[in-house]
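> Mind looking at a prediction? Sequence and model below.
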Amino acid sequence: MNKSGKTFRPKARVPKGLRDSSAGMVRAEARMIARIREVYERYGFDPLETSAFEYADALGKFLPDEDRPNEGVFAFQDDDEQWLALRYDLTAPLARYVAENYESLPKPFRRYQTGPVWRNEKPGPGRFRQFTQFDADTVAAPGVAADAEMCMMGADCLEALGIARGQYRIRVNNRKILDGLLETIGVEAGAVHGTVLRAIDKYDRLGRRGVELLLGAGRKDESGDFTRGAGLSDEQAAKVLDYVESGVEATQTNRTDVLEGWARVVGETVVGREGIAELAEMDALFTAAGYGTDRIEFNSWIVRGLGYYTGPVFESDLLLETKDEKGNPVRFGSVGSGGRYDGLVERFRGAKVPATGFSIGVSRLQAALELLGRLDVDDVTPPVVVLTLDANRMADYQAMVSELRQAGIRAEMYLGGSGMRAQMKYADRRGSPVTVIEGEDERAQGVVTLKDLILGAEMSKEIEDNAEWREGQPAQISIPRGELVAQVKAMLARHHPHQA
RNA sequence: GCAGCCAUAGCUCAGCUGGUUAGAGCGCUAGAUUGUGGAUCUAGAGGUCCCCCGUUCGAACCGGGGUGGCUGUACCA
């Protein structure tokens, strides 16, 4: 009671941008993770788990000038006033772990890790402040064979999750080629640099005209909001578009053609040639392993995070179009991404430690699979429910439910406080296949009644009259108490033959 | 962050140019049915009409501000 005499009642609500996952979603995610894990394990990666939060400076999100963590991370202060922050990805903790244990780790170090990450950003449909990622990284591997492996493994993962070949594409580019492009048009590192790259990144969504505007004066969107452009000259913008579209017509044919197109634009620069040579090497590995352009392509407008990646970058895109519940067309963004980052561990150790990795957005991919109807149906059989009709005979019911459990059958006795009708409704709502009924009548005869709820639901479709429905006692049989387990098994086998 | 739209029961929504006790469907709980799920019928529970200030005899409705949501856009390790 507070001063006004009213009892305080907190409002029961999940925080903004967070969500609860019910049984089906939890099981679906667990199955997805199991399938991805199989692929990662097969490629020779080992599991690692790190803590959910870290010192903010270790995550690289601490602002020394302002003496507090960056926007975008959830942070709080420890007893000693040091800032801690929830991890916003699994890569920064990996860098910390590698730096901390550098001497004792095999190099290259290959690990996979999954778990929730948190970002304090504006949530939206399908965009949460907590979501699950599943990463694999190879640390201390300088050659692009490590990057090529990531791309092929990404393709394998999507197929393991039931996305058919041709319905997705791993799209690969190289930051060195983009650097070569910027050098070619004479743009120095700086604000314009980023604006140009972000414009290229939007080619997929805005098309040629949109990118042209963003490279030049700027673009106004449907809501009237104006985005400032990079202010390139017409000649510069033409070169950029040449680069972007030199890949376009060749995308579906072969990777070598794309590289030739890019070489014509950026071949004058050292860094550009280096980038192309790296991709050529990766192409040879893809081809040797049998990964054609129906799985992995070279793509002009893949840019990824600025100031982070240093070499090959890649993302996995679903090519399927679909509709949401309201019938609006849905474009899935990238469901996985990665690339080479040679600078992350350097923050801790001074020396460069080359690394590359791939991260699957499990939550987003799960949402996509759900819309596509590819999410596995929940195949866990709901429990057999033993009705508790007589409060004085609970021990009898306990004995029955224990026998069923010892036989490997999911079973529970009704633990609520309501009568028989409510108990049947409970079993129905749980999706229970069978109820076990032992009331006074059964006990007097040494029998129990088994009711097949699945069969009963079928039969009920034919019946209009409730009295008839009840008197008929459809889909139930009376069996000797001693045959409980055997008869329940037989009844389950009719509906779940693979599990009985 | 910027722009546009929106906010009434758990959900989907109705509510006339401002008028007295704010409704429907679905869902939920229970009864009809002394021991049986569905269907049907009946009853019940459930609301600070997003919040605050103002206009008015009177506001779910009008005005201002705030908060929250949706859409687009920007950012995104």
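The structure has been received and is ready for your questions.
> What distance do you get for the residue in chain A that RNA strand B sits nearest to to A:R421?
Ranking the residues of chain A by distance to RNA strand B (Cβ to the nearest atom of the strand) places A:G456 first, at 1.5 Å. C-betas here are computed from N, CA, C, even on glycine. As defined by Cβ to Cβ, to the nearest Å, A:G456 lies at a distance of 14 Å from A:R421.
> Ok, A:Q130 next?
Per Cβ to Cβ, A:Q130 is found 41 Å from A:R421.
> Flag every buried residue along stretch A:78-91.
The neighbour-count criterion (16 or more other Cβ atoms under 10 Å) identifies A:W83, A:L84, A:A85, A:L86, A:R87, A:Y88, A:L90, A:T91 as the buried residues of stretch A:78-91.
> Tell me if I'm right that the last one and A:F358 touch.
No - taking contacts as Cβ atoms under 8 Å, A:T91 lies outside contact range of A:F358: 10.4 Å.
> so what sits against both of the two?
Taking Cβ atoms under 8 Å, 6 or more residues apart in numbering as the criterion, A:T91 and A:F358 both touch A:D135, A:D137.
> low-confidence ranges in chain A?
A:1-10, A:62-66, A:222-224, A:247-253, A:323-330, A:377, A:470-472, A:496-500 (pLDDT under 70).
> Can you give me the domain assignment for it?
With automatic domain parsing as the criterion, the domains of chain A are listed as A:23-52+A:87-371, A:384-495.
> Need the winner for burial among those.
With neighbours taken as mean count of other Cβ atoms under 10 Å, the domains of chain A reach their highest mean count in domain A:23-52+A:87-371, at a mean of 18.
> end to end, how far does that domain reach?
With Cα to Cα, to the nearest Å applied, domain A:23-52+A:87-371 spans 18 Å between its terminal residues.
> now do stretch A:381-389
When the termini of stretch A:381-389 are compared using Cα to Cα, they are 24 Å apart.
> Any chance you could list what contacts that stretch?
Here stretch A:381-389 makes contact (Cβ under 8 Å, 6+ apart) with A:394, A:397, A:400-401, A:404, A:409-415, A:420, A:423-424, A:426-427, A:430-440, A:488, A:492, A:496, A:499.
> can you give me the helices for the stretch 401-500 of chain A?
With DSSP state H, counting those that start in this stretch applied, the stretch 401-500 of chain A shows helices at A:420-430, A:440-445, A:453-460, A:466-472, A:484-495, listed in chain order.
> closest one to A:V240 among those?
helix A:420-430 (59.5 Å; Cβ to Cβ).
> touching RNA strand B at all, the closest one?
Yes - counting by Cβ under 7 Å from any atom of the strand, RNA strand B is contacted by helix A:420-430 at A:M420, A:R421, A:A422, A:M424, A:K425, A:D428, A:R429.
> who touches the closest residue to the fourth one other than its chain neighbours in this structure?
Same thing as A:M424. Of all residues beyond its chain neighbours, the one nearest A:M424 is A:T435 (6.8 Å), with distances taken as Cβ to Cβ, 6 or more residues apart in numbering. Applying Cβ under 8 Å, 6+ apart to A:T435 gives the contacts A:V384, A:V385, A:V386, A:L387, A:Q423, A:M424, A:A427, A:L450, A:K451, A:L453.
> Show me the two of these that sit farthest apart.
The farthest-apart pair in the contacts of A:T435, when distances are taken by Cβ to Cβ, is A:Q423 and A:L450, at 14.6 Å.
> on that earlier part again, which members of the contacts of stretch A:381-389 occur in strands, if any?
Among those, the members found in strands (DSSP state E) are A:A411, A:E412, A:M413, A:V434, A:T435, A:V436, A:I437.
> so the last one makes contact with A:D452?
It refers to A:I437. No - counting by Cβ under 8 Å, no contact exists between A:I437 and A:D452, whose distance comes to 11.8 Å.
> any common contacting residues for these two?
Counting by Cβ under 8 Å, 6+ apart, the residues touching both A:I437 and A:D452 are A:Q476.
> quick one: the closest residue in space to A:G166 that isn't next to it in sequence and A:L365, what's the gap?
Computed as Cβ to Cβ, 6+ apart, the closest residue to A:G166 that is not its neighbour in sequence is A:D294, at 5.4 Å. Between A:D294 and A:L365 the distance is 20 Å, computed by Cβ to Cβ.
> Ok, A:A58 next?
The spacing between A:A58 and A:L365, counted by Cβ to Cβ, is 28 Å.
> interface residues of the stretch 51-200 of chain A facing RNA strand B?
Where the stretch 51-200 of chain A comes near RNA strand B, counting by Cβ under 7 Å from any atom of the strand, the residues are A:61, A:70, A:72-73, A:88-89, A:91-92, A:119-125, A:194-195, A:198.
> mind listing the strands in the stretch 151-300 of chain A by residue range?
Counting by DSSP state E, counting those that start in this stretch, the segments of the stretch 151-300 of chain A that form strands are A:168-174, A:218-220, A:226-228, A:296-298.
> Of the ones you listed, which is nearest A:Y308?
Closest approach to A:Y308 among the strands of the stretch 151-300 of chain A is made by strand A:168-174 (14.1 Å; Cβ to Cβ).
> How far does the closest one sit from its chain's centre?
Counting by Cα atoms, centre = their mean, to the nearest Å, strand A:168-174 is centred 18 Å from the centre of its parent chain.
> Report all helices and strands that it contacts.
helix A:145-160, helix A:270-288, strand A:296-298, strand A:312-318 (3 or more Cβ pairs under 8 Å, 6 or more residues apart in numbering; DSSP states H and E).
> CA atoms only: put the longest one into CSV for me.
In CSV, the C-alpha atoms belonging to helix A:270-288 read as follows (Å, rounded to 0.1, in the frame of the first residue of the first chain):
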residue,chain,number,x,y,z
VAL,A,270,47.6,-1.7,-56.7
VAL,A,271,45.0,-2.4,-54.1
GLY,A,272,42.3,-3.1,-56.7
ARG,A,273,44.5,-5.6,-58.5
GLU,A,274,45.3,-7.3,-55.2
GLY,A,275,41.6,-7.6,-54.4
ILE,A,276,40.9,-9.1,-57.7
ALA,A,277,43.7,-11.6,-57.4
GLU,A,278,42.4,-12.7,-54.0
LEU,A,279,38.9,-13.3,-55.4
ALA,A,280,40.4,-15.2,-58.3
GLU,A,281,42.1,-17.5,-55.9
MET,A,282,38.9,-18.0,-54.0
ASP,A,283,37.1,-18.7,-57.3
ALA,A,284,39.6,-21.5,-58.0
LEU,A,285,38.8,-23.0,-54.6
PHE,A,286,35.1,-22.7,-55.1
THR,A,287,35.4,-24.4,-58.5
ALA,A,288,37.6,-27.1,-57.2
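> mind listing what A:K176 touches?
A:V271, A:G272, A:E274, A:G275, A:E278, A:G311.
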